[in-house]
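[1] below are the sequence and a predicted model for it; my questions follow.
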Amino acid sequence: IIKPPDQVQRLSDKDLAEEHTRVLKADNPQAPNNLARFSHKEKTYKFDPTVDQTAIALSLEGLLLHVESDDLKRQKLAEEMEREALLKEAERKKAEGIELDADDARGLRNQFNFSERASQTLNSGVRERGTITEPPASVEYAALATQWEIYDSYMDDQERQRQAKEKGKAKKGAEDKADGSQHGGASVVDDIVHSEGVGHAAKILERMANQNAFDDITQDYKYWEDASDAYRDGEGTLLPLWKFQSDKSKRKHVTSIKWNPSYDDMFAVGYGSYDFMKQGSGLICGFSLKNPSYPEFTFTTETGVMCLDWHPTHNALLCVGLYDGTVCVFDVHQARNLPIFTSTVKSGKHTDPVWEVSWQEEDLAKNLNFFSISSDGRVTLWTLGKSNLEFSDVMQLKLASTGVEAQSA
């Protein structure tokens, strides 16, 4: 018996006859066994148990294409464009009288589709057919035209045209009269009254009338001084001036007031309720010192308004925080009573009332953003996207326990 030199010595026949099971696995020995990926949901690195065990030893790209594949369609389209270009070039050379080379003539043919073929055809017989027609009847007419006859003819034609125009105007006037009576006779007037120009003029007249009506208050606002202030150190006199109110704001509390940073005479007022057991709808009113009798704009909200803030540069944007934890952005230039952006449960709205909102500078991508803080402890940064609000929590504030609570615990 021939024994290998590295065979273990002193083994019995029973040990040598024992079968050992060896399992072969199709694993890649060079594959990593501790692959970790970043989880955006949990914001941490997590180990990935699934590792690709495929090891590529040789990779060759084929030269055949499937008849229904997109690559074959693109290849056929390219060949067709090349063939059309060659045909156009040959026609151009033929028009200019340039003889085609053998390579050019050969390039115009498709080796797979072109084949030369000749045949003889039978010439069709020529047939002649003739007809005879009767000439149309002719009438001889003769007349003498004088200068006054030509003048009378022109005058008669002008009279017929004038009568036709008057008849058309009378018919149109009757139709307009019928339309006016059908619509109450005020269709044209309504268009003029509700036009943009009349609205702008009416707004100016309203401000002029208010300025004349509140002239004494305007004079006190600009020039009034209390002479007794010189004898009271650290004290002053409070003089009530305008009173701004709206019928929609009855039985509501004023929760926030913000002056517009671009227009010194305009400010926004938020209405809600500090009686948290009796919450209703909210209201936003924009008042101007030029017209204290009526608000410039109004927006209604589903819950009470708790805070608001004007954008420092985009003076028409107004961000608002509501009692139910919603934040929204209004554009005062728009006439509709809807916010252009609003937060929802899916977009990360607060769970408690929002007590403060504040606009911030634009980020690197030139996106508008603002901060909000709520009773739930979240300080959130909201970014205005194309169609929604994107949030990111800056910090989470927790309620610190007092000494009495710590001792009782």
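    Ah, there it is. The shown structure was predicted, so the numbers you read here are calculated from the model rather than taken from an experiment.
[2] any chance you could map the helices in the stretch 151-300 of the chain?
    Using DSSP state H, counting those that start in this stretch, the helices of the stretch 151-300 of the chain run over residues 187-193, 196-213, 215-223.
[3] what stretches of the protein score poorly on pLDDT?
    Across the chain, the ranges flagged by pLDDT under 70 are 1, 100-116, 173-191, 401-409.
[4] strands of that one, residue ranges please.
    Remark: strands assigned in the chain by DSSP state E are 36-39, 44-47, 253-259, 266-272, 282-288, 297-301, 305-310, 317-322, 327-331, 341-342, 354-359, 369-374, 378-384, 389-396.
[5] list the helices and strands the last one packs on?
    For strand 389-396, the packing partners by 3 or more Cβ pairs under 8 Å, 6 or more residues apart in numbering; DSSP states H and E come out as strand 378-384. Where you see a C-beta, it was placed from the backbone N, CA and C, and this is true even at glycine.
[6] ok, and for the strand it packs on, which residues are buried?
    Arg378, Thr380, Trp382, Thr383, Leu384 (16 or more other Cβ atoms under 10 Å).
[7] ditto for stretch 83-93
    For stretch 83-93, by 16+ other Cβ under 10 Å, it's Ala90.
[8] likewise stretch 331-339?
    Buried, per 16+ other Cβ under 10 Å, within stretch 331-339: Val332, Pro339.
[9] what does that stretch rub up against?
    Residues outside stretch 331-339 that contact it (Cβ atoms under 8 Å, 6 or more residues apart in numbering): 286, 296-300, 316-318, 320, 328-330, 340.
[10] how about stretch 227-238?
    The contact list for stretch 227-238 (Cβ under 8 Å, 6+ apart) reads Asp226.
[11] re earlier: could the helices of the stretch 151-300 of the chain be laid out in JSON lines, adding distance to Ser39?
    Formatted as JSON lines, the helices of the stretch 151-300 of the chain follow (distance: least, Cβ to Cβ, whole Å):
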{"stretch": "helix 187-193", "distance to Ser39": "62"}
{"stretch": "helix 196-213", "distance to Ser39": "55"}
{"stretch": "helix 215-223", "distance to Ser39": "61"}
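[12] closest one to Lys76 among the ones you listed?
    Closest of the helices of the stretch 151-300 of the chain to Lys76 is helix 196-213, at 58.8 Å (criterion: Cβ to Cβ).
[13] what ranges do the helices span in the stretch 1-150 of the chain?
    Remark: helices assigned in the stretch 1-150 of the chain by DSSP H, counting those that start in this stretch are 13-17, 70-95, 102-107, 147-182.
[14] I'd like to know which of these is closest to Ala36.
    Nearest to Ala36, of all these, is helix 70-95, at 37.6 Å by Cβ to Cβ.
[15] on that earlier part again, columns distance to Ser256 on top of the contacts of stretch 331-339, output as JSON lines?
    Shown next, in JSON lines, are the contacts of stretch 331-339 (distance: Cβ to Cβ, whole Å):
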{"residue": "Gly286", "distance to Ser256": "13"}
{"residue": "Glu296", "distance to Ser256": "17"}
{"residue": "Phe297", "distance to Ser256": "16"}
{"residue": "Thr298", "distance to Ser256": "15"}
{"residue": "Phe299", "distance to Ser256": "13"}
{"residue": "Thr300", "distance to Ser256": "16"}
{"residue": "Ala316", "distance to Ser256": "18"}
{"residue": "Leu317", "distance to Ser256": "16"}
{"residue": "Leu318", "distance to Ser256": "11"}
{"residue": "Val320", "distance to Ser256": "9"}
{"residue": "Cys328", "distance to Ser256": "14"}
{"residue": "Val329", "distance to Ser256": "15"}
{"residue": "Phe330", "distance to Ser256": "14"}
{"residue": "Ile340", "distance to Ser256": "20"}
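[16] between these, which is nearest Leu308?
    Val320 (4.7 Å).
[17] touching, that closest one and Thr303? I think so.
    No. Contact criterion Cβ atoms under 8 Å: Val320 and Thr303 do not qualify, at 10.6 Å.
[18] between the two, who's got more neighbours?
    Comparing Val320 with Thr303 by other Cβ atoms under 10 Å, the one with more neighbours is Val320, at 26 against 17.
[19] any idea how far that one lies from Ala268?
    9 Å (Cβ to Cβ, to the nearest Å).
[20] mind listing the shared neighbours of those two?
    Joint contacts of Val320 and Ala268 (Cβ under 8 Å, 6+ apart) are Ile284, Leu308.
[21] hang on, the earlier thing: with distance to Arg129 added, can I get the helices of the stretch 1-150 of the chain in TSV?
    Shown next, in TSV, are the helices of the stretch 1-150 of the chain (distance: least, Cβ to Cβ, whole Å):
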stretch	distance to Arg129
helix 13-17	113
helix 70-95	40
helix 102-107	45
helix 147-182	49
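[22] Asp376 and Gln158: what is the separation?
    As for Asp376, its distance to Gln158 is 88 Å (criterion: Cβ to Cβ).
[23] again with Gly270
    74 Å.
[24] looking at those two, which is more packed in?
    Gly270 (26 against 10).
[25] ok, back up a step: and the helices of the stretch 1-150 of the chain: which comes nearest Glu362?
    Closest to Glu362 of these is helix 70-95 (Cβ to Cβ; 43.3 Å).
[26] what is that closest one packed up against?
    Based on contacts counted as 3+ Cβ pairs under 8 Å, 6+ apart, the elements that helix 70-95 packs against are helix 102-107.
[27] hmm, back to that, return the most buried member of the strands of the chain.
    Compared across these, strand 317-322 shows the largest average neighbour count, a mean of 26 (mean count of other Cβ atoms under 10 Å).
[28] and that one, C-alpha only, in PDB?
    C-alpha atoms of strand 317-322 as PDB (Å, rounded to 0.1, in the frame of the first residue of the first chain):
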ATOM      1  CA  LEU A 317     -46.200  86.700   3.300                       C
ATOM      2  CA  LEU A 318     -47.600  86.200   6.800                       C
ATOM      3  CA  CYS A 319     -46.900  83.000   8.800                       C
ATOM      4  CA  VAL A 320     -49.500  82.100  11.500                       C
ATOM      5  CA  GLY A 321     -49.500  79.600  14.400                       C
ATOM      6  CA  LEU A 322     -52.900  78.100  15.500                       C
END
